[in-house]
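S.K.: what follows is a predicted structure for the sequence shown.
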Amino acid sequence: MRTRHFVETYEKHVSLSHNPVTWSWALVLVLALAQLPMVASSYVLSLATTVGIAAIGAIGLNILTGSTGLISLGQAGFLASGCYTTGLLIADYNWPPELALLMAGVVPALLSLLVGVPSLRLKGLYLAITTMAFSFIVTHFLLYAEGITHGPYGVRVEDLNFLGLDLATTRGLYTLVLVTAILVTLMALNILRTRVGRAFTAIRDHDIAARVMGISLVRYKLVAFMVSSFFVGIAGGLMAFQFRFINVDIFNVLLSIEALAMVIVGGLGSVAGAIMGAVFIVLLPEATREALDLLPTGVNNMLSTYIYEIRGLLTGLTIIIMLRIKPQGLVGLWRDVQRYWTQWPLSK
Amino acid sequence: MDLFLNLVASGLVIGSIYGIIAIAFAIIFKTTGVLNFAQGEVMMLVAYTSWSLATSLALPFWLLVPVTILAAALIGVVIEFVFIRPMSGQPVFSIVMVTIGLAITLRSLIIMIWGPDAAPFDASVEGGLIEIGPVVLFTEQLFALLLFCAVSAAVYLFFRFTRIGIAMRATAMDETSALLMGVDVRRISSLAWAIAAVVSGLAGVAFAVMFARAPDMWFQGLQSFPAAILGGLDSPLGSGAGGLIIGVIAALSEGYIGHGLKEISGFIVIIIVLMIRPYGLFGEKELERV
């Protein structure tokens, strides 16, 4: 019987995983994902790219909302600022894409201080609304500051070469997204297991108690905001590479809600959960489309005119159902399954 | 000066819509501690239902209002029973997330049922222009202003003098003591949702009569957040006043500063207000025990 429950030293407590089996399975997963371009069609590959970008964004949001307990409805604003930073630096200032992608993280991280500073005095719902306000202000700026952002005309990003990868091909883009996603995952896991990550959790569980224990709320809340929006901004920068034509329209409230849905469905506070949630929420509309094709043509035609609404409906219902039956999210479900098999035949 | 007065008037009109929705936010927040992100969608659902009643049954306006109120109360109770009641005992965070999920679910459902096109709401008050000095208003706009006054007065009287209103305030103050005093706390929650649905539903009807019954009406719900925050989420009348202030600021900034500011001026205002007074202008400062 595998137990995995006995930990004897502090080093083991804070290590990413003291179990070699976990490491080898993670390696197998990464190798399998790296081989995906060999076997998959370009449709599957571009879908996998979308999932990867969503996962990076969800990991970022999860640090803020899941681990630190600061609810953010401003995901769209951070994504938009990252996306436009990359796009404009490349299109108007001829920056190399490598640096432009880095700036996609840096600029939202600095902008996040704008929301982070009022957040020091705000709690829960007030903060959610402030972040939403931030996101509206960002999109307004992008739409009306035409001299800087091209306003309603959008930004075109073309013919990119990232460290030798040709981003015009789905394969090159997929490789870049996969490598970034792995790096971001490792960074997030490492942040969360250190002093900083434990401070985040303490703030989430009880901020006043955390302050009494000597955790500076000012410092760690701002750090949470900056780290989170750095990752989210990187996801935004990758979106610029993926879409090649950036327009402000996609950065709406629904995008912020979908990002929140990923974090909730996956499991709050867990990096693995954020990734699972991203996979689930991105693939949900695709799976629905496949399912609709099985229906008779008449019904199918009627429903396919409302494909956008069906997507919203499913996202909403998923949030509601998941919170009702499994508040720990997919990662909680996964742990239950694990426990069931490791303790079999003694499991209940 | 004429421009200024007309901007203020149109600001007050749209502000009264914001104000009524903000009152609905505050009613639910005060009694249950939940910020209902789906209030705009509830408002939209009531307005669409009322539109269907008005067009299919050809009800006259004086009959439409009470029927709409009944329908809205029913909608509020059903939504509370199906989506919110089973979540009782969960952290507020989860319940708020449920209302976010509810918001996009309702929005999609409404468009799937009634279609993506806007339609005029014809069961209107007798149309026409009314001139008050230099200010020119449509009858429908005046109706929105009157509705705001009526709703504010009704909400004030209800919470001040009626038995149920006092029970609701008691529950908001201390749930356990209220329970011990014989208040049916569970019923209070569904009552709060019903009242909020009625109040915001009336705003929805007023809005639809002014413009149209359109699939982007839910956005008024988000636009009313600044009003509720400005007035303090736990103070219904303060939220209503916040709505008027936000409406006037929106109209003035759109008229004098720049196009497009109408949508976001409210949000800029609340970011500044929250930096100075984190609990809104009229909200109570919470003391926390550890």
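M.R.: That came through fine. These numbers come from a predicted model, not from an experiment.
S.K.: write out the residues of the stretch 101-250 of chain B neighbouring chain A.
M.R.: For the stretch 101-250 of chain B, the residues in contact with chain A (CB under 8 Å from any CB of the partner chain) are B:101-109, B:111-112, B:222, B:225-226, B:229, B:233. Quick note: C-beta positions are derived from backbone N, CA and C, even for glycine.
S.K.: residue A:137: which of these is nearest?
M.R.: Of all those, residue B:226 has the smallest distance to residue A:137: 11.9 Å, by CB to CB.
S.K.: number of residues surrounding the closest one?
M.R.: Neighbour count of residue B:226, defined by other CB atoms under 10 Å in any protein chain shown: 29.
S.K.: give me the nearest residue to it, chain neighbours excluded.
M.R.: In this structure, residue B:226 finds its nearest non-sequential neighbour in residue B:266, 3.5 Å apart by CB to CB, 6 or more residues apart in numbering or on different chains.
S.K.: what parts of the stretch 201-348 of chain A come near chain B?
M.R.: Taking CB under 8 Å from any CB as the contact definition, the stretch 201-348 of chain A meets chain B at A:206, A:208-209, A:212, A:253-254, A:257, A:260-261, A:264, A:306, A:309-313, A:315-320, A:323-324, A:327.
S.K.: shaky segments in chain A?
M.R.: Within chain A, the stretches with pLDDT under 70 are A:1-5, A:123, A:348.
S.K.: could you measure from the residue nearest the centre of it over to chain B?
M.R.: Closest to where the C-alpha atoms of chain A average out (CA atoms, centre = their mean) is residue A:58, at 1.7 Å. Distance, residue A:58 to chain B, using CB to the nearest CB, to the nearest Å: 15 Å.
S.K.: hmm, who's touching the helix or strand of chain B at the bottom of the mean pLDDT ranking?
M.R.: Ranked by mean pLDDT, DSSP states H and E, the weakest helix or strand in chain B is strand B:129-132, scoring a mean of 80. If you take CB atoms under 8 Å, 6 or more residues apart in numbering or on different chains as the criterion, strand B:129-132 is touched by B:136, B:137, B:138, B:139, B:142.
S.K.: in strands, which of the residues you listed fall?
M.R.: If you go by DSSP state E, those have B:136, B:137, B:138 in strands.
S.K.: for the last one, list each beta-bridge partner.
M.R.: Residue B:138 has these beta-bridge partners by DSSP bridges: residue B:129.
S.K.: ok so, going back, just the residues of the stretch 101-250 of chain B next to chain A: which has the poorest pLDDT?
M.R.: pLDDT across those is lowest for residue B:233, at 82.
S.K.: what number of residues lie near the residue nearest to that one when sequence neighbours are not counted?
M.R.: Counting by CB to CB, 6+ apart, residue B:29 is the residue found nearest to residue B:233 once chain neighbours are left out, at 4.5 Å. Residue B:29 has 23 neighbours, counted by other CB under 10 Å.
S.K.: need the pLDDT of residue B:29.
M.R.: What the model reports as pLDDT for residue B:29 is 89.
S.K.: give the contact list for it.
M.R.: Neighbour list for residue B:29: B:35, B:36, B:228, B:233, B:234 [criterion: CB under 8 Å, 6+ apart].
S.K.: residues near residue 138, how many?
M.R.: In the absence of a named chain, chain A is used. 24.
S.K.: should've been chain B
M.R.: Around residue B:138 there are 17 residues (other CB under 10 Å).
S.K.: okay, and residue 77 sits in which element?
M.R.: I went with chain A, as the question did not name one. Using DSSP states H and E, residue A:77 sits within helix A:75-93.
S.K.: not what I meant, chain B
M.R.: Assigned by DSSP H and E, residue B:77 falls in helix B:61-79.
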